[in-house]
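Asks: What follows is a predicted protein model with its sequence.
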Amino acid sequence: MIKVYGKNNEEIHSEREWLNYAAPAKKEGHLKDLRSALELAKCWFRDGEAKVPEELQLLLDANDITKGLVISEAYPEKETRLDNYGKGRNHDLVLLGEKGKERILLSVEAKADEAYGKMIGEYLKSVSVRSNVPNRIEQLTFSILGNKTSEHLRYQLLHAIAGTLIEAKELGTTQAIFLVHEFHSDQLNSKNITRNTTDLNAFLSDLFEQPINLEPNQLLGPVSVNGGEFVPEGIPLYVGKVVTYL
């Protein structure tokens, strides 16, 4: 049985309760059919109770690191403190599971055709001189990518990977997985989907230090990061993707 908890630790037993207790901050723009926030909630309650979606279960069963993994807890919209510079990372969904003696965390990033945030270079140009954004980006970049530059990468992917590892440490897990869950329909902009694929692969290519073309149901890793004040260096990180066709 999977226990689902809201932002204030409320127990969630239905899609409606998920949307009441764990809605995204800008829910008016996100809680629509065919958009990722609503479709993520729907797919976890397809049978009226919390259950791992079939497409995610296929990925878990197809990879050695996750085969036999039993998901026990789910936390929609869980916030992770990234540093000392203010608001943290809001995961679309954090999952906790066990496989034998291993305790594994999955951070799910749900996507329709919205971008992975701004390009880091553009973002840096847009902030004021008093902003803490440059300090945050510098620290996160070093923690995840070492001495590489990150201006050509998407900001959301940088703090998503950092948040995944930080939360894994906070919850005492031995493995961490960052998972993109895409929701495709004929009403989406195909150019935006292609852009997201390109941006994700670009980030992963820098992270893994080799050309990456991540396919659905594929789980890459493990990879180790540089680490920093908040980001742990010793937790193996995997990255995967699943697609739901609506």
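Replies: Received, thanks. Nothing here was measured: the structure is a model prediction, and the numbers come from that model.
Asks: can we go C-alpha only for contacts and neighbour counts from here?
Replies: Fine.
Asks: Quick check: next helix or strand after the lowest-mean-pLDDT helix or strand in the chain?
Replies: Using mean pLDDT, DSSP states H and E, helix 27-30 stands out as the lowest-scoring helix or strand of the chain, at a mean of 55. Under the assignment DSSP states H and E, the closest C-terminal helix or strand after helix 27-30 is helix 36-44.
Asks: Mind jotting down where the strands sit in this structure?
Replies: With strands called from DSSP state E, the chain shows them at 3-5, 11-12, 70-76, 79-80, 89-90, 93-99, 102-111, 175-184, 219-223, 237-245.
Asks: for these, which one sits closest to Ile212?
Replies: Closest approach to Ile212 among the strands of the chain (CA to CA): strand 219-223, 9.3 Å.
Asks: Report the mean per-residue pLDDT for that closest one.
Replies: The pLDDT scores in strand 219-223 average 98.
Asks: which parts of it are buried?
Replies: Leu219, Leu220 (16 or more other CA atoms under 10 Å).
Asks: Adding distance to Ala202, write the strands of the chain out as JSON lines.
Replies: Listed next are these as JSON lines, based on distance: least, CA to CA, whole Å:
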{"stretch": "strand 3-5", "distance to Ala202": "33"}
{"stretch": "strand 11-12", "distance to Ala202": "36"}
{"stretch": "strand 70-76", "distance to Ala202": "27"}
{"stretch": "strand 79-80", "distance to Ala202": "24"}
{"stretch": "strand 89-90", "distance to Ala202": "21"}
{"stretch": "strand 93-99", "distance to Ala202": "23"}
{"stretch": "strand 102-111", "distance to Ala202": "17"}
{"stretch": "strand 175-184", "distance to Ala202": "15"}
{"stretch": "strand 219-223", "distance to Ala202": "14"}
{"stretch": "strand 237-245", "distance to Ala202": "13"}
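Asks: among the ones you listed, which is nearest Glu138?
Replies: Across the strands of the chain, Glu138 has its closest neighbour in strand 89-90 (16.1 Å, CA to CA).
Asks: got the contact list for the closest one?
Replies: Glu77, Lys78, Glu79, Thr80, Arg81, Leu82, His159, Ala160, Gly163 (CA atoms under 8 Å, 6 or more residues apart in numbering).
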